[in-house]
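Trainee: fold the following, please.
(one chain, ligands or ions: 1)
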Amino acid sequence: MLKVQVDSFGYRNNTILKGILFEVPPGEHVALMGESGSGKSTLLKIIYGLLHVEDGSIFWGDVEALGPNFNLVPGEPYMKYLAQDFDLMPFISVEENIGQFLSVFERETHEERINELLDLIEMKPYAKTKVKYLSGGQQQRVALARVLAQEPEILLLDEPFGHIDNFKRNVLRRNLFQYLKKQGITVLTASHDPSDVLPFAKRTLILEQGKIIANENTQELYKNPPNYYTASLFGQVNEVPMKLLKSYSEIDRSVLVYPHEFKFSDSSGLQVKVINSFFQGNHYLNESAAEDGTTIFFNSEKKQDAGTTIFLNVSLNTINRRLQVGQKANT
Ligand SMILES: Nc1ncnc2c1ncn2[C@@H]1O[C@H](COP(=O)(O)OP(=O)(O)OP(=O)(O)O)[C@@H](O)[C@H]1O
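Mentor: Next comes the predicted model:
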């Protein structure tokens with residue numbers, strides 16, 4: 001079990017993290033989401049031992065990670081951290097960069113292992129290429145193979161696909177996360193991108209201004225987000241005043257509704273006027289205004305013309321569930 005406790009951490013006098021306490025069971029994949037500047041990278045750096053934390057402790061089982069004030073070389077042998085900058089050796093080849101970290105006691109299996117990792121990151125054709133000639137995305141993939149070569153028990157990933165284009169990103173995500181699961185590696189991934197998180201992370205931690213405001217099963221968190229901030233990390237979301245949903249007009253609260261959760265109705269429900277219709281590939285995302293001026297985003301199969309009046313409905317089930325979660329979050 002990875003146990004993380006950071007009561008307080010700041011750069012100089014500026015407090016960045018407060019009251020952080022969570023555990024990650026061995027072999028589990030946990031995501032860390034939060035807006036830019038919420039403290040994700042800082043938290044990963046503390047766990048890895050790059051930053052010293054006065055008030056708190058990091059344990060892997062019974063072993064305490066002591067941090068930079070105690071370790072001559074930062075980091076712990078059982079843990080690897082893939083930072084946003086890649087820390088590669090530019091003047092040697094891709095395979096040499098990866099091979100550098102393979103155990104000297106297993107020389108006869110080096111070639112096989114390098115090939116396995118090159119396959120995983122889809123970089124076989126570049127095995128002999130010097131790293132300085134690679135693109136940013138290619139370098140990020142090599143950096144990933146390099147940390148995997150070290151066979152960590154815990155892997156900390158900071159925006160692991162930030163430099164990789166969509167075309168490669170989808171394959172790499174699947175390859176990498178399946179590989180990590182198969183190897184039983186404990187993973188903590190900081191990411192802005194819900195596609196890195198929703199299909200792969202069992203649990204998700206939400207960081208807001210240095211505090212963990214949610215620590216939940218990922219699917220539950222998506223279906224029943226405790227607040228607007230959490231839901232908006234997963235994509236576009238509406239905070240709909242209940243008074244706009246006719247049958248609930250007495251309730252003076254709002255409810256979170258994702259754009260795909262609205263159904264069209266001929267004559268009743270939430271009345272909106274279309275402002276813009278944005279093509280999204282397999283659907284349109286429409287920006288509209290309700291009668292009181294509230295902006296509402298909803299999905300549709302077809303493009304909607306600006307100025308069209310539409311009635312939208314949300315299932316009672318969804319509304320009731322969200323109201324309950326909202327109530328829990330407020331108590
Ligand atoms: N070395 C540093 N010295 C002083 N302040 C720092 C330092 N590194 C980060 N910060 C500040 O700490 C806060 C948290 O930064 P951090 O990089 O941890 O956020 P993040 O959630 O990882 O952001 P992003 O998603 O943009 O990478 C920010 O306000 C940032 O400006």
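Trainee: give me the element the nearest residue to residue 218 once chain neighbours are set aside is part of.
Mentor: In space, and not counting its chain neighbours, residue 218 is closest to residue 204: 4.6 Å by Cβ to Cβ, 6 or more residues apart in numbering. C-beta: built from backbone N, CA, C; applies to glycine. Assessed by DSSP states H and E, residue 204 sits inside strand 203-208.
Trainee: from one end of stretch 192-200 to the other, what's the distance?
Mentor: 14 Å (Cα to Cα, to the nearest Å).
Trainee: what does this protein put close to the ligand?
Mentor: 11, 16, 34, 36-42 (Cβ under 6 Å from any ligand atom).
Trainee: and the residues you listed, which two are the farthest apart?
Mentor: Largest separation among those by Cβ to Cβ: 11 and 34, giving 16.9 Å.
Trainee: who's more crowded, the two?
Mentor: The neighbour count for residue 11 versus residue 34, taken as other Cβ atoms under 10 Å, is higher for residue 34 (24 against 9).
Trainee: list the contacts for that one?
Mentor: 40, 190, 206-208, 233 (Cβ atoms under 8 Å, 6 or more residues apart in numbering).
Trainee: just put those residues in JSON lines and tack on neighbour count and pLDDT.
Mentor: Listed next are the contacts of residue 34 as JSON lines, based on neighbours: other Cβ atoms under 10 Å; pLDDT from 0 to 100:
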{"residue": "40", "neighbour count": "24", "pLDDT": "95"}
{"residue": "190", "neighbour count": "25", "pLDDT": "96"}
{"residue": "206", "neighbour count": "23", "pLDDT": "97"}
{"residue": "207", "neighbour count": "22", "pLDDT": "97"}
{"residue": "208", "neighbour count": "17", "pLDDT": "96"}
{"residue": "233", "neighbour count": "26", "pLDDT": "96"}
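Trainee: next, format the residues you listed as JSON lines and append distance to residue 137.
Mentor: Shown next, in JSON lines, are the contacts of residue 34 (distance: Cβ to Cβ, whole Å):
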{"residue": "40", "distance to residue 137": "21"}
{"residue": "190", "distance to residue 137": "18"}
{"residue": "206", "distance to residue 137": "28"}
{"residue": "207", "distance to residue 137": "26"}
{"residue": "208", "distance to residue 137": "30"}
{"residue": "233", "distance to residue 137": "24"}
